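Participant: 3D, please:
(chains A, B and C)
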Amino acid sequence: MDAAIEITQLQKKFKGFELSVQKLSVPKGFATALIGENGAGKTTLLNILAGIRLDYKGEVNYFDEKENDVEKVKGQLGYTGSGLFFLPQWTIRQVGEVGQLLYDDFDVERFEKYCSELGVTAREKKSKQVGDLSDGNRMKLVIATAFSRDTRCLLMDEPASPLDPLMRDDLCNLIRTYLEEGDGEKSVLFSTHNISDMESVTDYAIIMAEGEVVEQGFVEDLKNKYILVKGNPQDSEQAKQILYTFNSSSYGFEGICLAGNLDRLAGMDVSMEIPSLHQISVAVMKHYATLQNTR
Amino acid sequence: MKKYMIFTPVVYRVVVMSLCPIAVFAFLALQLWGMPGNLAMYAMAILPLSEIIGDWLIFDGLYKRGEKIPRFLMASTKGTTLIKQVVRVGRLRTLLYDLVFVGLAAVLGTWKFWGERGFLYQVLVHVTMIIVLFSTAQLGVLITRFFQGYLWNIVVATSIQWLVSFMGYWLSEYAIWLLIVFGIVSILSLLIHEWIIQKRITEGFFDEGYETGV
Amino acid sequence: MKILQNSGVPIYQQIAEQMKTDILNGKMVQGEYLPSIRSLAKDLKISVITTMKAYEELEAQGLVSAVQGKGFYVNAQDAEMLKEQHMRKVEEALTEAITAAKIAGLNEEELMSTLKTLLVLSQEDE
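Facilitator: The predicted model follows:
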């Protein structure tokens, strides 16, 4: 697997939080989802990858050239995020103008096209100030700036959160088109605390909790590793010992079972299904939390 | 430079960069009708006033502690140099404006009086006016950029305006002293401006509470 | 191509099967390139890894081959295997016809004459 970004021994400790990633590869040519609760470390990690934060130990290598100086690759990275992105007194038009100052390949026509396609300028004039935009429109503006350039990797911090469901769908389409244009050379890494919205575009998943990576893999492989099992109440006690995560009610039990443990369920009347990525993430995070509690 | 113009909102361009100077200019033109030079300071005090308040429109709270530089700039290679350049150009523009308007005032307003006290004296007075105007504007901007919102802007700006107008009273007699004092103020505030913006930029790349000794 | 999201059959499998059908019944010819994994993902609004796995499945079954940098193309299909596939189809279809005939109350002679008539008709079409 070719990597767009390779992370080695990354560590960052501040304000009682510690980010610690031994080895992580973001695969090239695919859309990777960074999944985790708020505070799991997704934003911290993305900030480091985008070159917005320099306070860390460890190494980050970009693209085939294994470039580890982020300043050199910033021109090829497309970062989007919340937080102070533009000065609030700027107008939409000024954002386009500043974009041209910042990047040689910033295409104003594309910018305007995306602004109207995404709906930012559909109802607002170009003289509207950034600070007066809604959160959703501001995010769309940020996304528009990222797509108005020629980049090799998009780094998006919770792009779906401020968007309404219809726009989330459009975002997924934008990502697919981006990947298609790149034909294997362009990659996308986005973070989310709710993977359901972006599941249909996710190829690779990285699940984080408390500053650590607790699971990662291609979605299809993860779906082979984690099986959704449902069974009858009378088998609950026995199943509880075998399953990775477990829920029971008077109607029966349900949980995730590791593929390797499936044969231990032989003899029980159970149904097996492919879990959604959302279900897998929840299971993994729950399991991790349980482990933490028993420590 | 063009980059600076992009940073300035339309309102700023109209009011600060055009109207105020024009108003001052018009006022100074009245000097043709025999107003003494030091009273001109009252009029020209509008320049730093408009600079300080107007700065709010571009760089509101830029130097405030914890106020991060916009990520759009941080995420690009040119971003940090861009903001530094724009701040510098702004400073330069202020200086040029002061130069031009005082220069014009010198020519138009006090032309008649030039003979009275000698050429060098007039030059001295006018250079001092430039320095006073520039340094007070810079000082005011320095202070107000630490605060977000327009309240402090107005407070500081009007105080500065009073100060400048008051200087006019002393201008004729103590020009040399004013020149020295405000010259030093200019240089100091310039150095502080540079230091602060660089500090804020660097701080932007580090999270608070980062422990280096992991 | 029709993909069912919640059918219990993994999406990649659905894609593989539908493409397999197209290949075996000649809709996709030997040497023809399949759409790129990313453009197919875009059109079907699914993830790239899903289309990739579908294609890998087809490759594992010997129906397509991968070319570095160009994509997947359709293999020459084994004539024998094709024949066998179609033979099975004939058997299935005929079994169905026999069952239906029984329900309709046709006897063996009537069924045979229906078959002969249809054969003549299809030959005329050619």
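Participant: hmm, stretch A:32-49 touching chain C?
Facilitator: No: Stretch A:32-49 lies out of reach of chain C by C-beta under 8 Å from any C-beta of the partner chain, never closer than 9.8 Å. Where C-beta positions appear, they are placed from N, C-alpha and C, glycine not excepted.
Participant: chain center to that stretch, what's the gap?
Facilitator: Relative to its parent chain, stretch A:32-49 has a centroid offset of 7 Å by C-alpha atoms, centre = their mean, to the nearest Å.
Participant: now the helix or strand where residue C:55 lies, how far from the centre of its chain.
Facilitator: Element membership of residue C:55, judged by DSSP states H and E, is helix C:48-60. When distances are taken as C-alpha atoms, centre = their mean, helix C:48-60 is centred 17 Å away from the chain's centroid.
Participant: what residues are up against residue A:185?
Facilitator: The contact partners of residue A:185, taken as C-beta atoms under 8 Å, 6 or more residues apart in numbering or on different chains, are A:28-29, A:152.
Participant: of those, which are in range of chain C?
Facilitator: Filtering the contacts of residue A:185 for proximity to chain C (criterion: C-beta under 8 Å from any C-beta) leaves residue A:29.
Participant: out of the contacts of residue A:185, which is nearest to residue A:55?
Facilitator: residue A:152 (24.9 Å; C-beta to C-beta).
Participant: burial of the closest residue to the closest one other than its chain neighbours, as a residue count?
Facilitator: Sequence neighbours aside, residue A:76 is the residue nearest to residue A:152 in space, at 4.3 Å (criterion: C-beta to C-beta, 6 or more residues apart in numbering or on different chains). By the criterion of other C-beta atoms under 10 Å in any protein chain shown, residue A:76 has 16 neighbours.
Participant: unless I'm mixing things up, residue A:76 is touching residue A:63, no?
Facilitator: Yes: look at residue A:76 against residue A:63 with C-beta atoms under 8 Å: they come within range, at 7.4 Å.
Participant: need the overlap of contacts for these two.
Facilitator: A:152-153.
Participant: and whichever residue of chain B sits closest to chain C, what pLDDT?
Facilitator: Going by C-beta to the nearest C-beta, chain C is nearest to residue B:75 of chain B, at 25.7 Å. You'll see residue B:75 listed with a pLDDT of 89.
Participant: that one - nearest residue in space that isn't next to it in sequence?
Facilitator: residue A:79 is the one closest to residue B:75 (C-beta to C-beta, 6+ apart), at 4.2 Å.
Participant: circling back: from residue B:130, how far off is the residue of chain B closest to chain C?
Facilitator: Distance from residue B:75 to residue B:130, counting by C-beta to C-beta, to the nearest Å: 40 Å.
Participant: one more: residue B:123?
Facilitator: Taken as C-beta to C-beta, the span from residue B:123 to residue B:130 is 11 Å.
Participant: closest one of the contacts of residue A:185 to chain B?
Facilitator: The closest of the contacts of residue A:185, once distances to chain B are taken by C-beta to the nearest C-beta, is residue A:152, at 14.3 Å.
Participant: now do the contacts for that closest one.
Facilitator: Residue A:152 sits next to A:4, A:63, A:73, A:76-77, A:182, A:185-187 when contact means C-beta under 8 Å, 6+ apart.
Participant: cool, residue A:6 as well?
Facilitator: Residue A:6 is in contact with A:24-26, A:60-61, A:66, counting by C-beta under 8 Å, 6+ apart.
Participant: repeat that for residue B:79.
Facilitator: With C-beta under 8 Å, 6+ apart, residue B:79 has these contacts: A:102, B:69-70, B:72-73.
Participant: let's see it at 6 Å
Facilitator: A:102, B:73 (C-beta atoms under 6 Å, 6 or more residues apart in numbering or on different chains).
Participant: got the domain boundaries for the chain?
Facilitator: Went with chain A since none was named. Recorded structural domains for chain A (assignment: automatic domain parsing) are A:3-210, A:222-294.
Participant: think we crossed wires, I meant chain C
Facilitator: Taken from automatic domain parsing, chain C resolves into C:11-74, C:79-125.
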